[in-house]
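[1] this one's structure only:
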Ligand code: ADP
């Protein structure tokens, strides 16, 4: 662990018992370095992440069924896209299986809410990335009464059972809930309106969603309270500082991959014999 981390990210960002209402979204739990130190460390740790991910992919190619699934949840402008671009962007895209979940299509609505999720699960050796996920079905759906409480209420237990199944099949889940303050969100939305290169990220509905923040806060709290399990824990990421978000997610992914204790797959051929053959070829 780099010396600027006084507590490992896996400990410092644990959701256990955390109250979102009390969260300081500008904090950098566990990390004492400043932005410059953080960015410097990020370069170094991205290399580590990249090598671990390559090992996962290599093992998958050799038949290993295990995978890692990063689940990113957060309100608009929390920085999910930045994580995908900058953290996931530092690893080999061949081994990445990225899915963004938006408003369900008509076909998706005809199925159980986990139908589209199951279709997008990473295969062995893949690093799956969910930009939003099945948790929208207890967040936006709950906040906007898209289905009655009798329908969303049982989903917490159902999601826990679903994730238990995934873990038993060899998927390591890394669930991260990202939070920015309402002020920081306003700043980021304003930037999207100032810069033509950011217009594409702006959605007028994002402004309306701000009014629903108390209800979202409640729904996020219920999500953390009810679906933070020992086999698929939640991490809560204060996300006002983009550099910290990226560093923290990198660390959480490194931890998940290290726990798989991956080695490079052994050669399925006699190396010396192949060297001799190559010399003669
Ligand atoms: P983003 O806002 O992340 O850039 P999109 O423009 O595709 O991406 O918007 C995603 C939208 O889809 C969000 O408003 C989100 O709440 C909504 N959404 C995702 N899943 C569901 C769901 N299961 N039911 C209803 N709305 C959903």
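    Done, it's in. Bear in mind that the values here come from a model prediction, so they are computed numbers and not experimental data.
[2] now find how far off-centre stretch 264-278 is within its chain.
    38 Å (Cα atoms, centre = their mean, to the nearest Å).
[3] which outside residues touch that stretch?
    With contact meaning Cβ atoms under 8 Å, 6 or more residues apart in numbering, stretch 264-278 is reached by 55, 58-59, 61-62, 64. C-beta: built from backbone N, CA, C; applies to glycine.
[4] mean confidence score for that stretch?
    The average pLDDT within stretch 264-278 is 96.
[5] same check on stretch 193-212?
    94.
[6] distance between that stretch and the chain's centre?
    For stretch 193-212, the distance to the chain centre is 22 Å (Cα atoms, centre = their mean).
[7] likewise stretch 142-150?
    With Cα atoms, centre = their mean, you get 25 Å for stretch 142-150.
[8] pull out the buried residues from that stretch.
    Buried positions in stretch 142-150, judged by neighbour count with 16 or more other Cβ atoms under 10 Å: 142-143.
[9] ends of that stretch, what's the gap?
    Stretch 142-150 has an end-to-end distance of 11 Å (Cα to Cα, to the nearest Å).
[10] quick one: name the residues of this structure near the ligand.
    76, 101-104, 132, 136-137, 140-141, 146, 203 (Cβ under 6 Å from any ligand atom).
[11] ok, now with 8 Å
    Within the chain, the positions adjacent to the ligand are 76, 80-81, 100-104, 113, 131-132, 134, 136-137, 139-141, 144, 146, 201, 203, 205-206, 209 by Cβ under 8 Å from any ligand atom.
[12] just the buried ones from these?
    Buried among the residues of the chain next to the ligand by 16+ other Cβ under 10 Å: 76, 80, 101, 104, 113, 131-132, 134, 136-137, 139-141, 206, 209.
[13] turn the contacts of stretch 264-278 into TSV, columns for neighbour count.
    Shown next, in TSV, are the contacts of stretch 264-278 (neighbours: other Cβ atoms under 10 Å):
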residue	neighbour count
55	20
58	17
59	19
61	13
62	13
64	18
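[14] with pLDDT added, can I get those residues in TSV?
    Formatted as TSV, the contacts of stretch 264-278 follow (pLDDT from 0 to 100):
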residue	pLDDT
55	98
58	97
59	97
61	95
62	94
64	97
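[15] who does the helix or strand that contains residue 68 pair up with?
    Residue 68 belongs to strand 67-74 when assigned by DSSP states H and E. With DSSP bridges as the test, strand 67-74 is paired with strand 127-131 (parallel), strand 171-179 (parallel).
[16] so which elements touch the next helix or strand after that strand?
    Note on strand 67-74: by DSSP H and E, the next helix or strand toward the C-terminus is helix 80-86. In terms of contacts (3 or more Cβ pairs under 8 Å, 6 or more residues apart in numbering; DSSP states H and E), helix 80-86 is packed against strand 67-74, strand 127-131, helix 242-258.
[17] swap the cut-off to 10 Å and go again
    strand 67-74, strand 96-100, strand 127-131, strand 171-179, helix 242-258 (3 or more Cβ pairs under 10 Å, 6 or more residues apart in numbering; DSSP states H and E).
[18] and the top helix by length along the chain, what does it pack against?
    Determined from DSSP state H, the single longest helix within the chain is helix 35-61. Here helix 35-61 touches strand 67-74, strand 127-131, helix 242-258, going by 3+ Cβ pairs under 10 Å, 6+ apart.
[19] mind doing that once more with 6 Å?
    Counting contacts by 3 or more Cβ pairs under 6 Å, 6 or more residues apart in numbering; DSSP states H and E, helix 35-61 packs against helix 242-258.
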